[in-house]
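K.L.:
Everything below, folded, please.
(one chain, ligands or ions: 1)
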Amino acid sequence: MKTIKFLFGFFGCLLMFFTLTACNNNENNSSNNNESNKQDGEITTPNDSDTLVIFFSRAGENYMVGDYGNGYAGYVDVGNTEVVVNYILDEYHFDSFKINPVVPYPDSYSDMLNVAREEQQTNARPEFIGEIENFENYQNFIIGYPIWNNTFPNIIISIFDKYDFSHKKLYPFSTHGGSGLGNTLSKIKELEPNATIVDSFSIPGANVRSDSGKSQVLNWIDSLNLEKR
Ligand SMILES: Cc1cc2nc3c(=O)[nH]c(=O)nc-3n(C[C@H](O)[C@H](O)[C@H](O)COP(=O)(O)O)c2cc1C
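P.N.:
Numbers count the residues shown, from 1 in each chain. Sure thing, here's the model as predicted:
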C-alpha cells in the first residue's frame, strides 16, 4: 500500500513538473512574439530610440535674432532652441516632442515680455497641445528651452508637473541672451528630485546660427555618448 502511495506521489509530482515547465515555455514564447512584432514594425515610437528630445521654442520677434540691424529685436521663422534641436536631430535619430502652447504666444517681443512676466507672477501652468506617447519607454531626456527672466518658461513646468521623471537621465540645455542656464538646474532638481541631471549645456541665441555655434552643439551632444542608431 505504501509503495502504491509512493508511486502516485512520485508520478503526480512528475506530471506537475512537466505542466509547469510547459506553462513557462508558453510565457517565454509569447514574450518572444512581442519582440518579433516590434521588429516587424509594430513599434510605437518613430525611431525606437530610448532618448527623447523635449523642447519649447518660440518663432517670431525676439532679442538679437534674424536681421536686427541697429535695433535689438529681429524676426525669425524658427526659434533659437529649435535650431539647436534640428542640429541634434540631423545627427541623431532621437524621438522628439515640441511643446506647443494651447494658447499661442504673441509674435511681438514686447508683448511676449509682458505675457512671460504675467505667467511667472501668477505661477501659471500653460497647457500644451498633445501628449508624450509611451513616456515610460524613454530613459534619456534632452530638454531644451529659452531663458525667460533668468528661468525657463512656465510651460516647461507644465511638462514636469504632468510627467514623472524619477530615475530618468536628464540633459537640459538652454539658449539665452546672456543668462546661461539661469536658475533652471536648481529648479529641475526641486521639481524632479528623483531624476539625475547627467550633463547640461547653454548657448547664446545670437550664436546658434553660426558654424561655431553648430560645432558647440554637436561637440556637446557627442560628448554624452548616447546611442546614434
Ligand atoms: C520673454 C523673454 C524673456 C527673456 N529673458 C531673458 C533672460 O532673462 N536672460 C537671457 O539671457 N535671455 C532672455 N531672453 C532671450 C531668450 O532667452 C533667447 O533669445 C532665446 O534664445 C530664445 O529662444 P527661442 O528662440 O527658442 O524661443 C528672453 C526672451 C524673451 C522672449
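
K.L.:
Touching, residue 54 and residue 132? I think so.
P.N.:
Yes. With contacts counted by C-beta atoms under 8 Å, residue 54 reaches residue 132, the gap being 7.3 Å. Any C-beta I mention is one placed from the backbone N, CA and C, and that applies to glycine too.

K.L.:
between the two, which one's more packed in?
P.N.:
For residue 54 versus residue 132, the count of surrounding residues by other C-beta atoms under 10 Å is larger for residue 54: 23 against 18.

K.L.:
ok, now how distant is that one from the ligand?
P.N.:
Using C-beta to the nearest ligand atom, to the nearest Å, we find residue 54 at a distance of 13 Å from the ligand.

K.L.:
who touches residue 54 in this structure?
P.N.:
With contact set as C-beta atoms under 8 Å, 6 or more residues apart in numbering, residue 54 has these partners: 96-97, 99, 132, 141-144, 159.

K.L.:
ok, back up a step: mind listing the shared neighbours of residue 54 and residue 132?
P.N.:
The contact sets of residue 54 and residue 132 overlap at residue 97 (C-beta under 8 Å, 6+ apart).

K.L.:
for residue 115, what are its contacts?
P.N.:
Taking C-beta under 8 Å, 6+ apart as the test, what residue 115 contacts is 105-106.

K.L.:
repeat for the one 5 residues further on
P.N.:
Residues counted as contacts of residue 120 (C-beta under 8 Å, 6+ apart) are 148-149, 151, 154.

K.L.:
With residue 55 instead?
P.N.:
When contacts are counted by C-beta under 8 Å, 6+ apart, residue 55 touches 81-82, 85, 96-99, 142-145.

K.L.:
List buried residues within those.
P.N.:
81-82, 85, 96-99, 142-145 (16 or more other C-beta atoms under 10 Å).

K.L.:
Select from the residues you listed every entry located in strands.
P.N.:
Under the assignment DSSP state E, the buried ones among the contacts of residue 55 contribute 96-98, 142-145 to strands.

K.L.:
which parts of this structure sit against the ligand?
P.N.:
57-58, 62-63, 79-82, 112-113, 116, 146-150, 175-179, 205 (C-beta under 6 Å from any ligand atom).

K.L.:
Of these, just the buried ones, ChimeraX syntax please.
P.N.:
Burial among these is assessed by 16+ other C-beta under 10 Å; the matching ChimeraX selection reads:
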select :57,58,62,63,79,80,81,82,112,116,146,147,148,175,176,179,205
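
K.L.:
can you tell me which of the residues of the chain next to the ligand are in strands?
P.N.:
Judged by DSSP E, the residues of the chain next to the ligand include 62-63, 146, 175-176 as members of strands.

K.L.:
Looking at these, which gets the smallest pLDDT?
P.N.:
Note: of these, the lowest pLDDT belongs to residue 63, at 81.

K.L.:
wait, what's in contact with that residue?
P.N.:
By C-beta under 8 Å, 6+ apart, the contact set of residue 63 is 72-73, 109, 177, 205.
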